[in-house]
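Q: Have a look; sequence and predicted model below, questions after that.
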Amino acid sequence: PMSTPTLIAGLSEIAGDYDVVLSDVWGVIHNGREAFAPACAALARFGRERGPVVLISNAPRPASAVRPQLDELGVPREAWATLVTSGDATRRELEARSPGPVWAIGPERDQPLYEGLSLQFSGPERAAVIACTGLEDDERETAEDYRQRLRPAAARGLPFVCANPDRVVQRGDDLIPCAGALADVYAELGGQVVMAGKPHAPIYALALAEAEARLGRPVNRGRVLAVGDGLPTDVQGAEAQGLDCLFVADGIHAADLLDGDGQPDVERAAVMLREAGTSARWFSGPLRW
C-alpha cells in the first residue's frame, strides 16, 4: 500500500535518524545556473554533525569532470564528501564491452566519459554497441529526431548503453531532453537498453561503497537517507534499494508540488507518488536545514 509521505520543514527534523545522505545534484543543490545556498548549507551541516554526504548524479561524465562544474556554480566543497556519477558507473559497463566498436551519440562536452577506456569508435553501420550521453544539440533537437537513425541498430540487436537515465533536466527555466528520452525511443523500437545510473543498482553500489569507506564500517541501509527531486530516478531508485527517501518539491516537479502560496503540498505529492507506483518516507519544499 502506498502511504502519504510525512511533510517536514527541513533536514534538521530527521537528521538524527541517519548516518549517511545520498543527495541528488541537479534540481536539489543547483539548477544548472546557480547553487541553492540553503540546500548546500543543510548538506554541509549534516556532514559536520552526522556523517558523509555522497552526491549521486546522473551526469553522463566521470566525477572528475563534474567537480569543476560544481565549483563554478558555487556549490561549496564542505557540502559534500564525495561524488559518484552515472558516468562513473557507465564507464564500467563500457569497459566490459570494449573494444566495441562504439557508436557514440551525444554532445562534445561529454567526451570525458570515454577518456582512458580501450574503445574503438565507428558510425552506426559497423558498431557493436551504442553509447549515448545525450542529444547532440539538446537546445534544438528532440528524441523523436533520432528514431529513424536508431531503427536499424535496434533491428540488429545492438545494446544501447545510456549514460544518463534522466529524460529531462531543468536548465535555468527550460526543460531540456536528456539521454533517457533517447533510451525510451530505442526501447520502443524493440532495442535493448543498458543503464547504470539512477534508478538502477550499479550507481547505488558505488555510492554506498564510498560512504562505507568514509564511515570506516559497514553501512546500515536503514540509516541512509536518499534526497532527490526526480520520481523515476531518485525516488524509485531509493525505494528499489530499500532506502528512506526525502522527496523535495524542487527541480523538475516543482510546479506540480507547490500550492498557490508556493508551499509544498503533501496531498499532491502523495497522488504523484501513487501514480508513479512508488513511495517516499519524507517530503519537503526545497532542501534546507
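A: Yes, it's here.
Q: What pairs with the helix-or-strand element of the chain with minimal mean pLDDT, parallel or antiparallel?
A: When the helices and strands of the chain are scored by mean pLDDT, DSSP states H and E, strand 168-171 comes last with a mean of 78. Paired neighbours of strand 168-171 in the sheet (DSSP bridges): strand 174-177 (antiparallel).
Q: Just give me the residue closest to the centre of this protein.
A: N58 (3.2 Å; Cα atoms, centre = their mean).
Q: that older thread, name the residues of the least confident helix or strand of the chain that come out as buried.
A: The neighbour-count check on strand 168-171 (16 or more other Cβ atoms under 10 Å) flags V169, Q170 as buried. All C-beta spots, glycine's among them, are computed from the backbone N, C-alpha and C.
Q: same thing with stretch 213-223?
A: So for stretch 213-223, counting by 16+ other Cβ under 10 Å, buried means R214, V219.
Q: still on that earlier bit, for the residue nearest to the centre of the chain, what are its contacts?
A: W26, T85, S86, N164, P165, D166, C178, G197, K198, I203, T233 (Cβ atoms under 8 Å, 6 or more residues apart in numbering).
Q: In this structure the fifth one contacts I203, no?
A: Right, the one you point to is P165. No - at 9.1 Å, P165 does not count as touching I203 under the criterion of Cβ atoms under 8 Å.
Q: Now do the shared contacts for the two.
A: Both P165 and I203 are contacted by N58, S86, G197, under the criterion Cβ under 8 Å, 6+ apart.
Q: Could I get the pLDDT score of the last one?
A: Among the per-residue scores, G197 holds a pLDDT of 92.
Q: got it, and the first one?
A: The pLDDT attached to N58 in the predicted structure is 91.
Q: go on, the second one?
A: Confidence at S86, expressed as pLDDT, is 93.
Q: what do you get for the one 4 residues further on?
A: Turning to T90, the model gives it a pLDDT of 94.
Q: Spit out the contact partners of it.
A: Each residue near T90 by Cβ under 8 Å, 6+ apart is listed here: P60, L113, A131, V161, C162, A163, A196, G197.
Q: For stretch 136-149, list every residue counted as buried.
A: Quick answer for stretch 136-149 (16+ other Cβ under 10 Å): D138, A143, Y146.
Q: Mind listing the residues bridging to L55?
A: S23, L83.
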